[in-house]
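**Q** Next comes the sequence, and after it the predicted model I'd like to discuss.
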Amino acid sequence: MNMASDPNPAPPGEAARPAEHYDVVVIGGGNAALCAANNARRAGRSVVVFEAAPKFYRGGNTRHTRNMRVAHDEPNEVLTGPYHEDEFWDDLLRVTGGQTDEELARYTIAQSKELWDFHTNQGVRFQPSLGGTLSLGRTNAFFLGGGRSMLNALYRTAEDLGVEIFYDAPVVALAIEDGAFLSATVRIGEREFVVRGGALVAAAGGFESNLEWLREYWGPPADNFLIRGTRHNRGSILRMLLDAGVQPIGDPTQCHAVAIDARSPKFDGGIVTRLDCVVFGIVVNRDAERFYDEGEDFWPKRYAIWGRLVAGQPDQIAYILIDQKSITSFMPSVYPPLKADTLAGLAQQLNLDPQKLERTVSEFNAAVRSGNFDSTVLDDCRTEGLTPPKSHWARRIDTPPFYAYPVRPGITFTYLGTRVNREARIIMEGGKPSANMFAAGEIMAGNVLGKGYLAGIGMTIGGVFGRIAGREAAANVRN
Amino acid sequence: MYATDTQQEADRIMTICNACRYCEGLCAVFPAMEMRRAFTPGDLNYFANLCHACGACYYDCQFSPPHEFSVDVPQTLAKLRGETYQAYAWPRAFAGVFARNGLAISLIAALSVAVFILGFVAANDPSVVFATQTGAGAFYRLMPHNWMVAIFGAAFIYAIVALVMGFRNFWRDIGEPSHPLDDGGSIWQAVKDAASLRYLDGGGMGCMNDSPRPKDGRRHAHHATFYGFMLCFASTCIATLYHYFLGREAPYPWYDLPVVLGTLGGIGLVVGPIGLYIAKRRRDPAMVDHTKTGMDVAFIAMLFLTGLTGLLLLLLRATPAMGILLAVHLGVVFSLFVTMPYGKFVHGIYRFAALVRYAKERRAHEAPPKAAAPAGARPVANPG
């Protein structure tokens, strides 16, 4: 074990213990937390990181990421072309439908230009966009080896700088007085320690893994949700901050949800559980009925609505149906499709009413107007006189074997967070900025991303505000 | 579909990897995997031998143990590699040598050394074996040159034949046509990739042997070992040319080419294997095929002993110890040759073949113009 994670070697049988005081206390262990910790440490402050997860699971949802969206005026060895700030802003405005703080958003975008160097200086390596993601090769910097590799680099840097890191160390209470941070109570092993700090950086993610909390907004259907990322984002720090009078931001009822394979683990299934074949077939619910236009737009522009669509169906389950023509047209996924030579046989495997499924498919097939199938454009293969329609890429489902993938809502992140200003400083109810509390990452992403999603922007917000929070925390140590 | 549990596990893991692809920048295995949607047993054996065991993907993987997907690419492919060595061995009857390889190689080496010592003592007067011999032809007073050529020539030719047959078995198993060596571009690419250990580098970040902190020690040690071996081989070849074409008999003075190459090579064969052994001892047990430790160590030890006995022979060739040292060195080299097809040495053959195949696939894959990303190709999903 290195010095960084074991500052005070404890007697045998006793877990390592934190010091009584640090200049900067960072809660969380992902991209934002480590950028803050490393930056504060570089400013000469003593820094501790309390990561609730065990060492293997350190880093929250950063583990599951793969790239970071960065503005840049020139291409480089990895990014294939310029991505100017205005274009980034237009993209953000479009996906959020205006639910963004323009000043903060534009500031984030401007600052994103420095992330390439900032992360490179922490040992992070980039590579050209992954196969099949050519559309992101210009806008997004891909981490060599993915998000966990990037995290490992940040942690190596933290260890080398002398940041003290504790794993399996959930913070169970915060002492906050008049909007100023005093101390955190951290549980390590069986013991609890009160650690005083001169400044706080809250970078502990959202609450998407807290099913009870999700149930407050979604009711019983929340029990059928799958969580794509870490099980540790239970929102406990967010809750403590809001209870201490921090001003919230973002719609608490909203979360980013995609349709993922229903056979995925409850937590942490990550990227491999996604399915990209909706546009090639039809999607039916438990009653063997279609419920939405599968070919409304390109999949990258539509995948994020399907979680919500499936959440609205009975039992929160749906089935993507394709036939032999399409089985190799999309990225392979982790679970094999269910397969049968007849639709009735497939229906039996799915526990659907065979007659009903056959009727749904034959109605769909009858409505298909043949055109020139081309998955790279909004083609003219569509249905006529069918509700709901399939506007593009509609081909008859008539070539056995037939395949099905069951899907459920997969929750990526939540939007509720803490309001901050451009110093990453937490704003209290009434609008007063906190003296020494800062937030970075998913816990404050709602300031910039109030709705929707833009690939790689989570890492952008985490990197930009983590860096700023570290700098500002180091400059605002209060006690 | 699969013959062994290891192949079954490799298929399970590669299916997960193919749905993720975050590691595609690390080495050749993942791009090769991406060219397929499903994997034949030959495909998996090909991936196993293409893997250089750099370890980066284990630490970079969000699904490695203790995650429930339990994706451990280095260990699984190491196990599968071990199985392929056994499966491709020629003749089949000797495949069992791989099962208890450490023991088998130690016994063969000890026996070989003993036979050479006994042979020397039996064939020569003790006053010759234990006397100081110098000048041209000093070695051949102990063992006639023609005998040396006959014995080592036979051992060498046997090793070559057995290795070629193993190569054929591998090449057929991965489904390559029988005329593999007509693609000069791919072979040259593979030579460059092998010579530079391009894929023992974590995609440029470095090898991860015992932690997510990259270290280049293992790569450097492998370079020392490989180039040490090649220098020693070159030294022997040049000495043979001297003997037959220039009529100059060993031993040669220290500044002569065979000695210079042999000395440098010998140093590489001492330092390199020590580095490899240290790296092996430190390696994260999670990535290791524990059934093959004996094989790995036996090969490292044989190379180390080859280098060490060669250097000692050079240093002490003008002393009475020369006779015994020559016998020991020849015994070690002989056993190295005859066990080459039945030990870790084969990794170089199969990996090189896999690199040729990869270069070939890659060229074929990149030949057609790149199509635009299809609508369904890949979502821009990105948690957090």
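**A** Okay, I see it.

**Q** can we go C-alpha only for contacts and neighbour counts from here?
**A** Fine.

**Q** okay, and for the chain, where does confidence drop off?
**A** Went with chain A since none was named. Across chain A, the ranges flagged by pLDDT under 70 are A:1-15, A:131-134.

**Q** look at chain B instead
**A** Ranges of chain B meeting pLDDT under 70: B:178-181, B:368-384.

**Q** for it, longest helix please?
**A** Taking DSSP state H as the criterion, chain B has its longest helix at helix B:145-173.

**Q** can you list contacts of the next helix or strand after that helix?
**A** Next in sequence after helix B:145-173, counting helices and strands by DSSP states H and E, comes helix B:184-196. When contacts are defined by C-alpha atoms under 8 Å, 6 or more residues apart in numbering or on different chains, helix B:184-196 is touched by residues B:181, B:199, B:352, B:355-357, B:359-360.

**Q** same thing but at 7 Å, please
**A** The contact list for helix B:184-196, computed with C-alpha atoms under 7 Å, 6 or more residues apart in numbering or on different chains, reads B:352, B:355-356, B:359-360.

**Q** Equivalent analysis for stretch B:49-64, please.
**A** A:63-64, A:145-146, A:148-149, B:23, B:28-29, B:69-74, B:81, B:199-202, B:207-209, B:212, B:350-351, B:354-355.

**Q** Among those, name the buried ones.
**A** A:63-64, A:145-146, A:148-149, B:23, B:28-29, B:69, B:71-74, B:81, B:199-202, B:207-209, B:212, B:350-351, B:354-355 (16 or more other C-alpha atoms under 10 Å in any protein chain shown).

**Q** Tell me which of these fall in helices.
**A** Those of the buried ones among the contacts of stretch B:49-64 lying in helices (DSSP H): A:146, A:148-149, B:29, B:73-74, B:81, B:350-351, B:354-355.

**Q** can you give me the offset of stretch B:96-116 from its chain's centre?
**A** The chain centroid and the centroid of stretch B:96-116 are separated by 18 Å under C-alpha atoms, centre = their mean, to the nearest Å.

**Q** domain ranges for chain A?
**A** A:3-251+A:415-475, A:258-410 (automatic domain parsing).

**Q** Make a PyMOL selection of the buried ones in the contacts of helix B:184-196.
**A** Applying 16+ other C-alpha under 10 Å to the contacts of helix B:184-196, the buried members can be selected in PyMOL as follows:
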select buried, chain B and resi 352+355+356+359+360
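
**Q** out of the contacts of helix B:184-196, which one sits closest to residue A:89?
**A** residue B:359 (42.1 Å; C-alpha to C-alpha).

**Q** Quick check: nearest residue in space to the closest one, chain neighbours excluded?
**A** Nearest residue to residue B:359, sequence neighbours excluded (C-alpha to C-alpha, 6 or more residues apart in numbering or on different chains): residue B:186, at 5.0 Å.

**Q** most packed of the domains of chain A?
**A** domain A:3-251+A:415-475 (a mean of 22; mean count of other C-alpha atoms under 10 Å in any protein chain shown).

**Q** all helices for chain B, in order.
**A** B:5-20, B:29-34, B:41-50, B:56-60, B:73-88, B:101-123, B:126-129, B:145-173, B:184-196, B:217-241, B:257-282, B:293-315, B:322-339, B:346-366.

**Q** Need phi/psi at the nearest residue to residue A:248 once chain neighbours are set aside.
**A** Nearest residue to residue A:248, sequence neighbours excluded (C-alpha to C-alpha, 6+ apart): residue A:418, at 4.7 Å. With angles defined as degrees, to the nearest 10, residue A:418 sits at phi -100, psi 140.

**Q** And the one 4 residues further on, by the same measure?
**A** Dihedral angles of residue A:422 (phi, psi; degrees, to the nearest 10) stand at phi -70, psi -10.

**Q** in what helix or strand does the closest residue to it other than its chain neighbours lie?
**A** Counting by C-alpha to C-alpha, 6+ apart, the nearest residue to residue A:422 once its immediate chain neighbours are dropped is residue A:104, at 6.0 Å. For residue A:104, the host element (DSSP H and E) is helix A:102-112.

**Q** Check residue A:265 too.
**A** Per DSSP H and E, there is no helix or strand for residue A:265.

**Q** for residue A:74, same thing?
**A** Judged by DSSP H and E, residue A:74 forms part of no helix or strand.

**Q** Run through the residues that contact it.
**A** Taking C-alpha under 7 Å, 6+ apart as the criterion, residue A:74 is in contact with A:81-82.

**Q** can we see that at 6 Å?
**A** residue A:82 (C-alpha atoms under 6 Å, 6 or more residues apart in numbering or on different chains).

**Q** Quick check: it vs residue B:218, distance?
**A** 38 Å (C-alpha to C-alpha, to the nearest Å).

**Q** now for the longest helix of chain B, which elements pack on it?
**A** Helices and strands touching helix B:145-173, by 3 or more C-alpha pairs under 6 Å, 6 or more residues apart in numbering or on different chains; DSSP states H and E, are helix B:322-339.

**Q** if we can go back for a sec, off-centre distance for the helix holding residue A:104?
**A** With C-alpha atoms, centre = their mean, you get 19 Å for helix A:102-112.

**Q** Show me what it is in contact with.
**A** Residues contacting helix A:102-112 (C-alpha under 6 Å, 6+ apart): A:70-71, A:448.

**Q** out of these, which one sits closest to chain B?
**A** residue A:448 (13.2 Å; C-alpha to the nearest C-alpha).

**Q** Quick one: residues contacting that closest one.
**A** A:100-101, A:105.

**Q** Show me what the longest helix anywhere in chain A is packed against.
**A** In chain A, taking DSSP H as the definition, the longest helix is helix A:457-475. When contacts are defined as 3+ C-alpha pairs under 6 Å, 6+ apart, helix A:457-475 sits against helix A:31-42, strand A:67-69.

**Q** In PDB, list the C-alpha atoms belonging to that helix.
**A** Presented in PDB, the C-alpha positions along helix A:457-475 are these (Å, rounded to 0.1, in the frame of the first residue of the first chain):
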ATOM      1  CA  ILE A 457     -20.300  16.600 -21.500                       C
ATOM      2  CA  GLY A 458     -20.400  15.000 -18.100                       C
ATOM      3  CA  MET A 459     -16.600  14.600 -18.200                       C
ATOM      4  CA  THR A 460     -16.300  18.200 -19.500                       C
ATOM      5  CA  ILE A 461     -18.300  19.600 -16.600                       C
ATOM      6  CA  GLY A 462     -16.500  17.400 -14.100                       C
ATOM      7  CA  GLY A 463     -13.100  18.400 -15.500                       C
ATOM      8  CA  VAL A 464     -13.800  22.100 -15.800                       C
ATOM      9  CA  PHE A 465     -15.500  22.500 -12.400                       C
ATOM     10  CA  GLY A 466     -13.200  20.000 -10.600                       C
ATOM     11  CA  ARG A 467     -10.200  22.100 -11.700                       C
ATOM     12  CA  ILE A 468     -11.900  25.300 -10.600                       C
ATOM     13  CA  ALA A 469     -13.200  23.900  -7.400                       C
ATOM     14  CA  GLY A 470      -9.700  22.700  -6.500                       C
ATOM     15  CA  ARG A 471      -8.200  26.100  -7.200                       C
ATOM     16  CA  GLU A 472     -10.900  28.000  -5.400                       C
ATOM     17  CA  ALA A 473     -11.000  25.700  -2.400                       C
ATOM     18  CA  ALA A 474      -7.200  26.100  -2.000                       C
ATOM     19  CA  ALA A 475      -7.700  29.800  -2.100                       C
END
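
**Q** tilt between that helix and helix A:31-42?
**A** 30 degrees (axes from the mean of the first three to the mean of the last three C-alpha atoms, to 10 degrees).

**Q** Pull the residues that contact helix A:457-475.
**A** With C-alpha under 6 Å, 6+ apart as the criterion, helix A:457-475 contacts A:32, A:35-37, A:39-40, A:68-69, A:199, A:424, A:438, A:440-441, B:384.
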